[in-house]
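[1] Sequence isn't available, so here's the structure alone:
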C-alpha cells in the first residue's frame, strides 16, 4: 500500500477506535479510556480466530441472539471461570460471522463466579473499567456457576453502549 494510503488507513482506524471508546470518555482523567485502549491492543491478537483456539478458547457452538440484539459465538476459557479478573485475560471472546465464511472478533466477556451462588444477593458485584458487572445471573450454559458478567464491545460499535450485553447491530 502506498505510504499516503497507509497513513490514511491508520488515521481512519484510529478514529474508529476512538469512536468506539468515546462513550466511556465521561471520566475526566481518561484513565478508563487508556485502560480500554491498552486492553484492546493486548487482545488484538485474537482478531485471528486460530490464535484464540490455540490459546485454549473453545467455541460454544451457538450464536447467541435475542429480541434485544446479538451477542455472537462465545469462545470460552473454562479454566478462567473463577473469582479472579484480569482485563487482558478475559474468560470469553465473542465472534460473529464475517460474511465470508469466517468469524470476526467483536467483543470480550468477563465472568466472575458469585461467592454464595445466590442470585438474590449481590454484595460481591465486581467492577472493571469503572463499570459494575451485570448479575448475578443463573448459569447461562452447562458448567457455569451463578455469575456476574460484563461485555465490552471493543471491535464493533454498539449503539446501546460499550458495556451493553446485546448489540442490535450484530448478526448471527
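    It's in. Computed from a prediction, not measured in an experiment: that's the story for all the values here.

[2] From now on I want contacts and neighbour counts done on CA atoms only, so please keep to that.
    Fine.

[3] My read is that residue 75 contacts residue 103, right?
    No. Assessed by CA atoms under 8 Å, residue 75 is found out of contact with residue 103, at 11.3 Å.

[4] Give me the more crowded residue out of those two.
    The neighbour count for residue 75 versus residue 103, taken as other CA atoms under 10 Å, is higher for residue 75 (22 against 18).

[5] ok, which stretches of the chain are strands?
    Using DSSP state E, the strands assigned to the chain run over residues 58-66, 69-76, 92-97, 103-113, 127-128, 131-132, 134-137, 147-152.

[6] List the beta-bridge partners for the residue nearest the centre of the chain.
    Against the mean C-alpha coordinate of the chain, by CA atoms, centre = their mean, the closest residue is residue 108 at 1.9 Å. Taking DSSP bridges as the rule, residue 108 bridges to residue 93, residue 152.

[7] Number the residues from 31 up from this point.
    Got it, the first residue is 31 from now on, which makes the last one we talked about residue 138.

[8] same question for stretch 118-132, mean pLDDT?
    Average pLDDT, stretch 118-132: 96.

[9] ditto for stretch 172-179
    Averaged across stretch 172-179, pLDDT comes to 92.

[10] Give me the buried positions along that stretch.
    By neighbour count on 16 or more other CA atoms under 10 Å, the buried set for stretch 172-179 is 175-179.

[11] for stretch 104-114, same thing?
    Buried residues in stretch 104-114, counted by 16+ other CA under 10 Å: 104-107, 110-112.

[12] roughly how far is it from the heart of the chain?
    Centroid separation between stretch 104-114 and its chain, computed with CA atoms, centre = their mean, to the nearest Å, is 13 Å.

[13] can you check stretch 67-80 too?
    Taking CA atoms, centre = their mean, one finds the center of stretch 67-80 at 11 Å from the center of the full chain.

[14] Could you tell me the end-to-end distance of it?
    By CA to CA, to the nearest Å, the extent of stretch 67-80 from end to end equals 23 Å.

[15] Equivalent analysis for stretch 184-201, please.
    One end of stretch 184-201 to the other measures 16 Å (CA to CA).

[16] ok, now stretch 138-158?
    Distance across stretch 138-158, first residue to last, is 12 Å (CA to CA).

[17] ok, residue 133 - contacts?
    79, 125-127 (CA atoms under 8 Å, 6 or more residues apart in numbering).

[18] Right, I'll leave it there.
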